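Trainee: Sequence plus predicted model, see below.
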Amino acid sequence: MTRNDDPTSFENSNSMENARASPPSILEQYQNPYFLHPLDSTSLVFISNLLTESNYNSWSQAMKIELTVKNKLGFINVEIPHPSGELLSSWIICNGVVTAWILNSLSKEISTSINFSNSVQEIWVDPQERYQCKNRPRVFQLRHEISNLIQNQDSVTAYYTKLKMLWNELISYRPSCSCGKYTCGSVKNLQTYFQTEYVMAFLMGLNDSSASIRSQLLLMEPEPSINRAFSLVLQEIDQKAFSSSPGIAMSLSKSPTTAVESINSNGHVVGICSLPGISSNQWILDSGASTHICYNKALFTSLRPIKPTTVSLPNQS
């Protein structure tokens with residue numbers, strides 16, 4: 001039997017041809033930097049805040065995110081150089097599309113002054129060289145605003161939002177790492193440092209009414225993230241507001257039954273307990289606890305034994 005008569009050889013040949021003829025999967029398409037979706041037109045506008053003379057860092061960061069999503073970041077950071085051969089036509093098309101996306105994100109004044117080039121990388125560098133050099137005065141201004149920002153009459157949410165806007169712009173001025181992808185160890189340490197400063201700035205601006213939760217956050221291990229710190233402060237304020245609402249605080253003059261358990265205006269059961277060292281007419285309420293404890297057996301109308309259980313305190317002890 002000759003090779004051509006071998007059925008196994010014939011089947012293998014057909015399978016290889018079918019494999020070559022099968023279209024690439026969706027994942028393979030999006031992994032290819034030369035792939036353009038039908039909606040990736042030259043009229044796309046990625047960001048609403050167009051580039052001006054004063055917002056280069058936030059603009060460039062937003063553009064990098066969008067280009068990363070489109071798998072086109074390599075066209076501006078020279079990871080995809082000018083090719084030759086069969087990839088040249090695809091590179092020219094993608095280079096033109098990315099160029100249009102960048103020009104669409106510029107203000108009219110800047111767009112007319114950009115030096116047009118055959119390379120999108122050169123167009124990207126043009127505003128970078130002109131406007132990124134103005135970062136030092138802006139960094140000084142941002143740090144000054146952050147250091148003077150206090151909660152005052154604002155809610156914690158409004159105060160946190162103001163701080164977050166200033167801080168996000170400040171960290172956009174941080175130096176780039178050598179790997180260019182912010183994945184190396186030195187950048188991780190830098191991010192941890194910035195996160196600590198972020199939390200410190202947030203805590204420093206809080207009103208004195210949050211001094212208790214501020215002290216707890218400063219002693220917390222591991223250090224809380226900024227979102228975790230904000231969440232805990234907000235919970236503390238909500239808890240204080242709830243405890244000071246009319247109809248919540250109970251005194252010893254009430255009957256034993258209502259002194260241990262009361263129902264608020266919303267129909268929720270509220271547990272009440274007293275702690276040693278606190279005045280007999282002062283009570284601690286925690287509506288978020290799963291089980292409520294009272295140290296004085298005399299306040300109960302009836303008692304029954306329970307299985308031994310572990311009690312967890314708010315400080316995780």
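Mentor: Cool, the structure landed. Residues are numbered from 1 along each chain as shown.
Trainee: E197: how many residues sit nearby?
Mentor: 15 (other Cβ atoms under 10 Å). No exception for glycine: its C-beta is placed from N, CA and C like everyone else's.
Trainee: oh, I was asking about Q29
Mentor: Neighbours of Q29 under the rule other Cβ under 10 Å: 14.
Trainee: same thing with A158?
Mentor: For A158, using other Cβ under 10 Å, the count is 12.
Trainee: cool, the one 5 residues further on as well?
Mentor: Neighbour count of L163, defined by other Cβ under 10 Å: 21.
Trainee: what's the distance between it and S147?
Mentor: Per Cβ to Cβ, to the nearest Å, L163 is found 11 Å from S147.
Trainee: Give me the common contacts of these two.
Mentor: Shared contacts of L163 and S147 (Cβ atoms under 8 Å, 6 or more residues apart in numbering): A201.
Trainee: show me where pLDDT drops low in the chain?
Mentor: 1-22, 115, 133-136, 175-187, 243-299, 311-317 (pLDDT under 70).
Trainee: From the recorded domain assignment, give the ranges for it.
Mentor: Using automatic domain parsing, the domain ranges for the chain come out as 7-133, 149-243, 256-299.
Trainee: Ok, which of the ones you listed comes nearest F140?
Mentor: domain 149-243 (10.5 Å; Cβ to Cβ).
Trainee: Burial check on the spatially closest residue to Y30 that is not a sequence neighbour, number of neighbours?
Mentor: In this structure, Y30 finds its nearest non-sequential neighbour in N71, 6.3 Å apart by Cβ to Cβ, 6 or more residues apart in numbering. Using other Cβ under 10 Å as the criterion, N71 is surrounded by 17 other residues.
Trainee: Also Q239?
Mentor: 15.
Trainee: ok so it is a strand residue?
Mentor: No - with DSSP: H, G, I helix; E, B strand; the rest coil as the criterion, Q239 is helix rather than part of a strand.
Trainee: sorry, back to before: the domains of the chain into a markdown table, with extra columns for distance to K307?
Mentor: Shown next, in a markdown table, are these (distance: least, Cβ to Cβ, whole Å):
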| stretch | distance to K307 |
| --- | --- |
| domain 7-133 | 53 |
| domain 149-243 | 29 |
| domain 256-299 | 12 |
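Trainee: Minimum distance to V139: which of the ones you listed has it?
Mentor: That would be domain 149-243 among the domains of the chain, by Cβ to Cβ, at 5.3 Å.
Trainee: residues near the residue lying closest to W59 once chain neighbours are set aside, how many?
Mentor: Excluding the flanking residues, the one nearest W59 by Cβ to Cβ, 6+ apart is L51, at 4.6 Å. Using other Cβ under 10 Å, L51 has 23 neighbouring residues.
Trainee: So which residues of the stretch 1-150 of the chain form strands?
Mentor: Taking DSSP state E, counting those that start in this stretch, the stretch 1-150 of the chain contains no strands at all.
Trainee: longest helix of this structure?
Mentor: As assigned by DSSP state H, the longest helix anywhere in the chain is helix 185-204.
Trainee: can you pull the buried residues of it?
Mentor: By 16 or more other Cβ atoms under 10 Å, the buried positions in helix 185-204 come out as V187, L190, Y198, V199, A201, F202, L203.
Trainee: Could you verify my assumption that the last one touches L219?
Mentor: No - using Cβ atoms under 8 Å as the test, L203 is too far from L219 to be in contact (11.8 Å).
Trainee: ok, now which ones touch V156?
Mentor: Counted by Cβ under 8 Å, 6+ apart, V156 has contacts L206, S210, F230, V233, L234, I237.
Trainee: Quick check: phi and psi on the closest residue to W101 other than its chain neighbours?
Mentor: Nearest residue to W101, sequence neighbours excluded (Cβ to Cβ, 6+ apart): L44, at 5.7 Å. When read as degrees, to the nearest 10, the backbone of L44 gives phi -60, psi 140.
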